[in-house]
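*Asks:* I'll drop the sequence and a predicted model, then ask my questions.
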Amino acid sequence: MALLGAQLVITLVMVSVIQKLGPHYSFARWILCSTGLIRYLYPTDQELRILAGVPKEKPKKGKHAENGKTPDVFHVPRNLEISLESAKVSALDVIHLKFYTEFQWLLDFSLYASLVYILTEVYTYYYPMKEEFNLSMLWCALVIGFSLKTLLSLWVQYFKGEESVGERSTCIVTGFAYLLIAMMVLIVDENTLEIDLEKAYVSFNQSASVFLDNQGLSSTGPASKIVLKFFLALWCGLLGSLFTFPGLRMSRMHWDSLKYCKERRLLQLLLNISFASPFILVILWIKPVSRDYLTVRIFAGMNGPLMSVQAFESMRLAAVVIAVILRLCLMPLYLQSYLNLASQRLEDQKKEAGRITNTDLQKKIAAVFYYMCVVALQYVAPIIMCLFLALMYKTLGGFTWEGLLRDVPIEECPADQPPKIVSPIFDDDDEKTVVQTAQEFHLALDSLKQVFTTDVFRGLLGFGTWWCCFTWFASTSMGMVYQSYFGST
């Protein structure tokens, strides 16, 4: 109970911080406005008229727009020599951007959830948890839910309007492609791909059957293995479709960032390491080339393997955290490469023949900055999902962070122990006191703990973490192949 009280204190303090300091100090706003990002300003009508030599026309009758203003539309050559002015991104500029509120909430809440998780981990290190519920897992689950909601809201935009036919088709095709890949992955021998779904299913089936027996219900099992794997494959297909355009956008920004950093070798190395990090994470779950190579094989001149099993588990979790932190550190550079797209669009337009209206030219330049928060969400939402799935995998799976420093035995949670259902007896059944309600909640939570064992969480969260890393890698790789083929055209 002392640990639960400490967790409640941490939660209340963090909620108070969100309410009091959130409106004034924002990590998301700091990334956009205090990291030196520069946006490009579109040329005004007067500047375009002067450069193109177009005289100003007198307003004609019958051509009045809304609010009594006359539309000032004229044509300029596409190859017009225009130099775009630049300005630093400020807080007043970003508050009107599309999806700015969603980006600020997701990133700031992820930061608060990370602080709650860190404080809880430090406290439980000195005062180990026994029967209490880990409230930091609730924060992590909320972050994953917000990330999925954000990606889904961006994904739905491609299914609205008649101009997004290509994007809509891409989402559908990639969704079915990832569904097929997930079905193939789910039948792979777990001695090759270490996802532990078989052990999770056996543990859940046994504990759920015992729980249903204790409740006087049918104990034939919750569902067949094929049905559960089919629904997992459907979730994998949806997640792959949600990650498609964020991956394509990420690869485009990476391609442009390498081009802008030709003279900075160290920065290029960090960019390439960051881009390849999802592939490294995917490899860590392939048993013959990761676990067996590091924890089983004994090299010549050595008395034992390179790492212990506990050190390997901790290293795999730490690798996910390091990859996410590296991506967040490089985020301003990637966003600047996206903002430079306005100047690049103008340079590409100069190679075209014909004429363009002033409004279309201005929209082409202004749209880059207007959708900056959409791009930022596509950048951070996938890595936030990977991070917090890994954190839940570590905590609910019974792993530790200190395996790299010393060997810590990983506790196994037996799946064949029946749930201990004890019904408390109260003198008055008509009146429910606070103590009775708390005891009933504790009994229900204890029953859920017996059903959702450590093996269940290791299987589900381990597979979820691996699949997020895989789709993260596959979508960016697909985008990089597209950029290498069409980038020079």
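*Replies:* Received, thanks.

*Asks:* where exactly do the helices run in the stretch 1-150 of the chain?
*Replies:* With DSSP state H, counting those that start in this stretch, the ranges of helices along the stretch 1-150 of the chain come out as 2-21, 27-33, 45-52, 91-94, 100-126, 135-157.

*Asks:* Ala300: which of these is closest?
*Replies:* Closest approach to Ala300 among the helices of the stretch 1-150 of the chain is made by helix 100-126 (38.1 Å; CB to CB). Where C-beta positions appear, they are placed from N, C-alpha and C, glycine not excepted.

*Asks:* identify the residues contacting the residue sitting nearest the centre point of the chain.
*Replies:* Closest residue to the average C-alpha location of the chain: Pro382 at 2.3 Å, with CA atoms, centre = their mean. By CB atoms under 8 Å, 6 or more residues apart in numbering, the contact list for Pro382 reads Ser147, Leu151, Phe243, Pro246, Gly247, Cys468, Thr471, Trp472.

*Asks:* quick one: low-confidence ranges for the stretch 201-350 of the chain?
*Replies:* Residue ranges of the stretch 201-350 of the chain with pLDDT under 70: 211-212, 214-223.

*Asks:* between the contacts of Pro382, which is nearest Lys363?
*Replies:* For the contacts of Pro382, the residue nearest Lys363 by CB to CB is Pro246; the value is 23.9 Å.

*Asks:* could you say which helix or strand holds that closest one?
*Replies:* Here Pro246, judged by DSSP states H and E, is contained in helix 244-260.

*Asks:* which strands and helices lie in contact with that helix?
*Replies:* Helix 244-260 sits against helix 135-157, helix 165-186, helix 265-283, helix 331-339, helix 372-396, helix 454-486, with contacts defined as 3 or more CB pairs under 8 Å, 6 or more residues apart in numbering; DSSP states H and E.

*Asks:* show me what secondary structure element comes after the fourth one.
*Replies:* Of the helices and strands lying after helix 331-339 in sequence (DSSP H and E), the nearest is helix 341-349.

*Asks:* adjacent strands (with direction) for the helix or strand that that next one is followed by?
*Replies:* Using DSSP H and E, the helix or strand that follows helix 341-349 towards the C-terminus is strand 355-357. Its sheet considered, strand 355-357 pairs with strand 75-77 (antiparallel) by DSSP bridges.

*Asks:* just to revisit the earlier point, can you tell me which of the helices and strands packed on helix 244-260 is packed in deepest?
*Replies:* Ranked by mean neighbour count under mean count of other CB atoms under 10 Å, those are led by helix 372-396, which reaches a mean of 25.

*Asks:* now that one: mean pLDDT?
*Replies:* Throughout helix 372-396, pLDDT has a mean value of 94.

*Asks:* next, the angle helix 135-157 makes with that helix.
*Replies:* Interaxial angle, helix 372-396 versus helix 135-157 (axes from the mean of the first three to the mean of the last three CA atoms, to 10 degrees): 150 degrees.
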